[in-house]
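# A structural model of the following input is requested.
(one chain, ligands or ions: 1)
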Amino acid sequence: MNWMLLVAVIGCGSSCFAASLLPHDQGKNAPPPIDSILQPRQRRDSYNVIDDCMTVTSKDGHFYYKASPKDEMEPGTTCGLYLITDPERQIEIELLHVDVSCEDGGLISVVDGWELNGEFFPSPEDHQLPLDQRVQSECGSHQVMRRYLSSQNAALVQYRVPRLGQGFSLRVNYVKNPQPCNILVEGTSYVYTLSNHGRRLNCSVTTLFPASISLVSLDVGFTNQRRLSRLLSSRRDHLIAHRSTAGEVVHNCEEKDMSDYLQIGGSSGLDTANMLVSDSICGAAREPKASEETIACGITTVRLVSSGRHRNWAQVSIRPAEDEDLSLANFMCPA
Ligand SMILES: *[C@@H]1O[C@H](CO)[C@@H](O)[C@H](O)[C@H]1NC(C)=O
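Got it, this is the predicted structure:
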């Protein structure tokens with residue numbers, strides 16, 4: 001799907017600067033392939049000149065923007081540098097130089113996560129920081145050396161430079177994340193690992209495309225094997241469980257009042273708090289023989305809900321759904 005069409009930002013109060021940054025004209029064409037958007041002028045220490053209003057990139061090094069009459073966008077349009085990297089990395093952004101006049105409404109904001117259509121990834125519900133601390137803004141003309149570190153593999157720099165000749169520069173670096181929780185997936189098929197690292201915490205993998213998902217292995221809830229067996233024997237009639245030599249997978253765990261479970265579902269926007277849940281799974285199994293599930297939604301999410309009482313982890317295989325998968329999908333988001 002053309003997810004660039006999703007990009008727009010709605011108001012969320014005066015404290016939330018990203019809110020006032022409103023891209024007006026971003027859905028004109030199909031999105032160019034990721035990374036072809038930036039035309040790096042190859043110099044030492046990769047030096048990237050930003051010349052599109054919406055840039056999605058995984059490049060590191062220096063980024064530089066200066067409002068020029070050659071720009072396609074109107075001066076003062078709100079634009080974004082969307083950064084995304086490997087699941088097990090986080091993004092370090094160093095603002096080096098800012099020259100955007102405050103008087104004309106110029107602004108540069110560093111966002112811990114992505115924002116599309118007024119919705120944030122990770123969902124404010126699943127992020128350890130409140131939203132106003134995830135959006136850091138400034139304007140004026142000064143040399144800065146401010147460093148920001150995202151909590152996950154996605155971050156955003158939003159900017160509005162109303163005066164020609166003004167701009168900013170920054171440096172991007174990708175660093176190892178020792179305990180990844182929320183992961184944004186932008187295009188590739190992969191096996192993703194979700195873990196709560198023993199903590200009371202919710203983590204998700206979210207894709208920007210309809211996806212087909214299958215479980216690779218899982219150990220969620222039930223440190224007590226007897227409790228699982230009891231549950232299975234007492235409620236066998238209305239419990240759909242897959243038995244495999246390596247363990248048990250229990251479905252609809254959320255409805256069964258389990259404290260820890262893995263949700264699979266989707267939404268049309270980026271905020272997983274609005275997701276429709278197709279199934280919630282718990283138990284322990286290695287390579288369960290459950291079939292693959294296709295989520296026909298613009299955004300697909302696998303979310304691990306953890307009470308902190310268990311050391312949970314799940315491995316899921318996620319791939320972009322093909323037309324054939326979508327035609328057979330039994331779970332879809334309302335249009
Ligand atoms: C995790 O998600 C569940 C269900 O959505 C919620 O009840 C719980 O408060 C969340 N936990 C944290 C730490 O946010």
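
# So residue 80 sits against residue 155, correct?
No: the criterion here is CB atoms under 8 Å, and residue 80 misses it with residue 155 at 10.6 Å. Quick note: C-beta positions are derived from backbone N, CA and C, even for glycine.

# which parts of the stretch 201-335 of the chain sit against the ligand?
201-202, 305 (CB under 6 Å from any ligand atom).

# Mind giving me the ChimeraX select for these, buried ones only?
Here is the ChimeraX command that selects the buried residues among those (16 or more other CB atoms under 10 Å):
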select :201,202,305
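
# Out of the residues of the stretch 201-335 of the chain next to the ligand, name the ones that lie in strands.
201-202, 305 (DSSP state E).

# can you list those in TSV and add pLDDT and distance to residue 176?
As requested, those are exported to TSV (pLDDT from 0 to 100; distance: CB to CB, whole Å):
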residue	pLDDT	distance to residue 176
201	94	19
202	97	22
305	97	26
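
# Report the buried residues of stretch 48-63.
Result for stretch 48-63 [16+ other CB under 10 Å]: buried residues 48, 50-60, 62-63.

# quick check, nearest of those residues to residue 249?
residue 58 (34.2 Å; CB to CB).

# Let me see the confidence value for that closest one.
Note on residue 58: pLDDT of 96.

# now do residue 241
48.

# ok, back up a step: out of the ones in strands among the residues of the stretch 201-335 of the chain next to the ligand, who's nearest residue 161?
For these, the nearest to residue 161 is residue 202 (36.8 Å; CB to CB).

# Which residue, other than its chain neighbours, is closest to that closest one?
Distances taken as CB to CB, 6 or more residues apart in numbering place residue 126 nearest to residue 202, at 4.7 Å, with adjacent residues excluded.

# so the one you found makes contact with residue 196?
No: counting by CB under 8 Å, residue 126 does not reach residue 196; the two are 11.5 Å apart.

# okay, and the common contacts of the two?
181, 202-203 (CB atoms under 8 Å, 6 or more residues apart in numbering).

# Show me which of the residues you listed is closest to the ligand.
Closest to the ligand out of the shared contacts of residue 126 and residue 196 is residue 202 (3.8 Å), distances taken as CB to the nearest ligand atom.

# got a list of what that closest one touches?
125-126, 196, 303-306.

# Which pair in the buried residues of stretch 48-63 has the greatest spatial separation?
53 and 60 (21.2 Å).

# Can you list the residue ranges for helices in the stretch 1-150 of the chain?
For the stretch 1-150 of the chain, the helices defined by DSSP state H, counting those that start in this stretch occupy 17-20, 131-134.

# looking only at pLDDT, what's the mean for the first one?
Confidence over helix 17-20 (mean pLDDT, whole number) is 37.

# what does stretch 166-179 give?
96.

# repeat for stretch 216-230
Here the average pLDDT along stretch 216-230 is 72.

# now stretch 138-156
Stretch 138-156 comes out at a mean pLDDT of 94.

# That stretch: end-to-end distance?
End-to-end distance for stretch 138-156: 14 Å, by CA to CA, to the nearest Å.

# Go ahead and measure how far it is from the middle of the chain.
18 Å (CA atoms, centre = their mean, to the nearest Å).

# mind listing what's buried in it?
138-139, 144, 148, 150-156.

# Can you lay out those as a markdown table showing distance to residue 87?
Below are these laid out as a markdown table (distance: CB to CB, whole Å):
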| residue | distance to residue 87 |
| --- | --- |
| 138 | 30 |
| 139 | 33 |
| 144 | 30 |
| 148 | 20 |
| 150 | 13 |
| 151 | 13 |
| 152 | 9 |
| 153 | 6 |
| 154 | 10 |
| 155 | 14 |
| 156 | 17 |
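
# Return the closest of those residues with respect to the ligand.
residue 151 (13.9 Å).

# which residues sit in contact with the closest one?
By CB under 8 Å, 6+ apart, the neighbours of residue 151 are 90, 112-113, 122, 127-129, 181-182.

# Neighbours of residue 328, how many?
Residue 328 has 11 neighbours, counted by other CB atoms under 10 Å.

# Next, find the distance separating it from the ligand.
Distance, residue 328 to the ligand, by CB to the nearest ligand atom, to the nearest Å: 29 Å.

# That residue against residue 292, yeah?
No: in this structure residue 328 lies outside contact range of residue 292 using CB under 8 Å: 10.1 Å.

# Over to residue 295: give its phi and psi.
phi -110, psi 110 (degrees, to the nearest 10).

# list the contacts for the closest residue to it other than its chain neighbours?
Distances taken as CB to CB, 6+ apart put residue 266 closest to residue 295, at 4.1 Å, once the chain neighbours are dropped. Listed by CB under 8 Å, 6+ apart, the contact set of residue 266 reads 210, 275-276, 278, 295-301, 331-333.

# From the chain's centroid, how far away is the one helix or strand residue 266 maps to?
In this assignment (DSSP states H and E), residue 266 forms part of strand 261-267. Centroid separation between strand 261-267 and its chain, computed with CA atoms, centre = their mean, is 14 Å.

# That one: partners in the sheet, and parallel or antiparallel?
strand 276-286 (antiparallel), strand 299-306 (antiparallel) (DSSP bridges).

# Just the buried positions in the longest one, please.
Neighbour counts using 16+ other CB under 10 Å place 276-285 of strand 276-286 among the buried residues.
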